[in-house]
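Q: Got a predicted structure plus its sequence, pasted below:
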Amino acid sequence: MPSFSPCELHTERLTLRFIDGGDADALFRLFSDPQALRYWSSGPWLHMAQAADNIEQTLKGYQDGAALRLALVLPDGELIGTATLYAFDRRNHRCEIGYMLARPYWGQRYMQEALAALIGYGFGALELHRIEADIHPDNIASGRILEGLQFRQEGHLRERWFVGGEISDSIIYGLLRRDWIGPIHPAQ
Ligand SMILES: CC(C)(COP(=O)(O)OP(=O)(O)OC[C@H]1O[C@@H](n2cnc3c(N)ncnc32)[C@H](O)[C@@H]1OP(=O)(O)O)[C@@H](O)C(=O)NCCC(=O)NCCS
């Protein structure tokens, strides 16, 4: 698959940029918070080595075109979250979206702002036709964000994830390019 060209997206309050080796501490803080990982598909990180592995995978994803994972950064440079397009099916012009915001920044609509930019890039530069999301049924804030971005709830899959000894269902959301009313970002 084609690699991703370095890109930087700008919103009113955030920059979305490529992740690099200098982000290990910030990513560790983000992904080691058990409350933030409550509805994630894997448990919280316990060791810094997981941050290094994750960065290695992220860089590989840029190279082999498997995943486009961007850091959400404030004007002062603080990394407060990530947003990712992954599971690309190029032939069918579709992929999935995932996101994580640091807890101190919840409730301020940062993720809505970031995802609108990333989705616009997906439907523009990446020529996607469809973006899917798979969320835990109890993750109300996540569902509300997706619905606010015109995703439609398309299915309820039973007992799909085993995380930390618990099994959970998935609510599947889908967004088609023709339903997207936000900005479209062409290739840079
Ligand atoms: C999911 C996540 C990005 C949401 O961000 P957030 O800043 O907490 O979300 P917000 O507070 O803006 O809430 C989004 C919406 O849900 C509503 N909401 C939040 N919790 C709610 C609840 N318990 N009941 C009803 N509505 C709720 C908010 O009022 C808001 O509505 P609005 O868009 O009409 O204003 C963030 O909580 C997060 O990163 N969580 C951990 C990772 C995760 O779960 N990722 C998603 C899985 S892919």
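A: Looks like it came in fine. Residues are numbered from 1 along each chain as shown.
Q: can you list the residues of the protein near the ligand?
A: By Cβ under 6 Å from any ligand atom, the residues of the chain that approach the ligand are 36, 39-40, 98-101, 106-107, 109, 111, 135, 139-142, 144-145, 148. For glycine as for every other residue, the C-beta is placed from the backbone atoms N, C-alpha and C.
Q: what about 5 Å?
A: Contact residues (Cβ under 5 Å from any ligand atom) of the chain with the ligand: 36, 39, 98, 100-101, 106-107, 109, 111, 140-142, 144-145, 148.
Q: Please flag which of those sit within helices.
A: Among the residues of the chain next to the ligand, DSSP state H puts 111, 140-142, 144-145, 148 in helices.
Q: farthest-separated two in the residues you listed?
A: Pairwise distances across those (Cβ to Cβ) peak at 13.5 Å, for the pair 111 and 140.
Q: Could you list the buried residues of the longest helix seen in the chain?
A: Ordering each helix of the chain by length in residues (DSSP H) puts helix 48-64 first. Buried residues in helix 48-64, defined by neighbour count with 16 or more other Cβ atoms under 10 Å: 50-51, 54-55, 58, 61-62.
Q: before we move on, back to that, neighbour-wise, which of residue 111 and residue 140 wins?
A: More crowded of residue 111 and residue 140, by other Cβ atoms under 10 Å: residue 111, with 22 against 11.
Q: what ranges do the strands span in the protein?
A: Assignment of strands within the chain using DSSP state E yields the ranges 8-10, 15-18, 67-73, 79-89, 94-101, 130-135, 152-163, 166-176.
Q: Enumerate every residue touching the residue nearest to residue 101 when sequence neighbours are not counted.
A: Using Cβ to Cβ, 6 or more residues apart in numbering and skipping residues adjacent in sequence, the residue nearest residue 101 is residue 81, 4.0 Å away. Residue 81 sits next to 30, 71-72, 99-102, 105, 110-111, 114 when contact means Cβ atoms under 8 Å, 6 or more residues apart in numbering.
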